[in-house]
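*Asks:* All I have is the shape, not the residue letters:
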């Protein structure tokens with residue numbers, strides 16, 4: 001949910017199931033339930049957006065306690081320049097037991113001006129968070145953001161969440177994904 005142009009959040013309860021296949025029959029060998037809270041922050045001073053995800057209310061059974069679980073966030077170019085992910089973004093993986101001890105992950109994306117459109121150097125992006133374990137992937141939220149370098153604003157560059165109740169306008173001929 002877009003709270004304002006510089007803040008986005010999503011809170012949700014999720015379940016991951018660990019299964020094994022034996023003679024073409026799947027059986028559950030573990031289950032993890034948890035709450036994920038993700039806060040996104042735009043910027044009024046740089047062409048960056050950052051996200052912090054917290055995992056809590058963790059309950060695990062069976063093999064889910066030792067199953068590798070990856071928190072990830074993807075940025076996709078909607079229109080404009082490439083979306084540059086911080087090198088530390090590349091899927092942060094721990095067991096559920098380790099997530100309980102160290103429950104947060106951080107993601108950051110930068111929008112370069114090279115390839116941006118128009119005199120305001122506009123670029124639009126979609127993002128989506130996910131949790132991955134075994135062969136199961138759960139979406140943890142998606143939306144979009146816009147970056148610009150408009151000289152007529154109080155701040156010479158910035159990134160804002162553009163999909164929400166008081167959204168900024170995206171190019172008319174393209175439809176964004178998001179919530």
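*Replies:* Right, received. Where do you want to start? From a predicted model like this one, the values you see are computed outputs, not experimental measurements.
*Asks:* Going by C-alpha atoms from here, please, whenever you check contacts or count neighbours.
*Replies:* Will do.
*Asks:* neighbouring contacts of stretch 126-142?
*Replies:* Stretch 126-142 has contacts (C-alpha atoms under 8 Å, 6 or more residues apart in numbering) with 10, 12, 14, 16-19, 36, 67-78, 143-145, 176-179.
*Asks:* try it again with 6 Å
*Replies:* Contact with stretch 126-142 is made by 69-76, 143-144, 178, as judged by C-alpha atoms under 6 Å, 6 or more residues apart in numbering.
*Asks:* now for those, which pair is the farthest apart?
*Replies:* Maximum pairwise distance in these, criterion C-alpha to C-alpha, is 25.0 Å, between 69 and 144.
*Asks:* quick one on the thing from earlier: got JSON lines for the contacts of stretch 126-142, with secondary structure and neighbour count too?
*Replies:* As requested, the contacts of stretch 126-142 are exported to JSON lines (DSSP: H, G, I helix; E, B strand; the rest coil; neighbours: other C-alpha atoms under 10 Å):
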{"residue": "69", "secondary structure": "strand", "neighbour count": "24"}
{"residue": "70", "secondary structure": "strand", "neighbour count": "21"}
{"residue": "71", "secondary structure": "strand", "neighbour count": "26"}
{"residue": "72", "secondary structure": "strand", "neighbour count": "21"}
{"residue": "73", "secondary structure": "strand", "neighbour count": "26"}
{"residue": "74", "secondary structure": "strand", "neighbour count": "17"}
{"residue": "75", "secondary structure": "strand", "neighbour count": "21"}
{"residue": "76", "secondary structure": "strand", "neighbour count": "14"}
{"residue": "143", "secondary structure": "strand", "neighbour count": "22"}
{"residue": "144", "secondary structure": "strand", "neighbour count": "25"}
{"residue": "178", "secondary structure": "coil", "neighbour count": "14"}
